[in-house]
Every structure is written in C-alpha cells, then in structure tokens.
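[1] Give the three-dimensional model of this entry:
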Amino acid sequence: MLPVKKMSKTRTRTRRSHHHLTATNYSLCKQCGTAKLPHAACGNCGYVNPKITLKIGKEEK
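    Down below sits the predicted model:
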C-alpha cells in the first residue's frame, strides 16, 4: 500500500531529529595528559586511578 500524500523533507527530518549520535565524553590522564575514557585505564601509559576499586572473585584451586 502506498502513502496517500507525500511527506515533506521538513516533516521527515523533524521526526528523525532524535536519531543523532551523541559525542563520547573523554577525560585527561593524570599522568601523561592524553585523552582516555573515564573510569578506564589509560591506553598510552596504563595508569589507573587508585581510588577506583574492582571487585574480583577469588580463584578456585
């Protein structure tokens, strides 16, 4: 079935206005100053904030 009336470009683009991409937030590494993802290790120097703790399960032997 075909649409009864043509939808204008403005109406189509207004409907799709919320389909845009969001920008990635970066933070600076405290040691080397390069951009990195927040709450992640630096890709350049490998620095991890010592305040961040990870819960890791114990190994079973």
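
[2] for the chain, which spans come out with low pLDDT?
    Within the chain, the stretches with pLDDT under 70 are 54.

[3] end-to-end on stretch 29-41?
    9 Å (C-alpha to C-alpha, to the nearest Å).

[4] Tell me which residues of that stretch come out buried.
    29, 36 (16 or more other C-beta atoms under 10 Å). Heads up, the C-betas are built off the backbone N, CA and C, glycines and all.

[5] can you give me how far that stretch is from the chain middle?
    15 Å (C-alpha atoms, centre = their mean, to the nearest Å).

[6] cool, stretch 53-61 as well?
    Using C-alpha atoms, centre = their mean, the offset of stretch 53-61 from its chain centre is 27 Å.

[7] what's the answer for stretch 36-48, then?
    On C-alpha atoms, centre = their mean, the centre of stretch 36-48 falls 15 Å from that of its chain.

[8] try stretch 41-50
    18 Å.

[9] show me what contacts residue 43?
    34, 36 (C-beta atoms under 8 Å, 6 or more residues apart in numbering).

[10] Alright, calling it a day.
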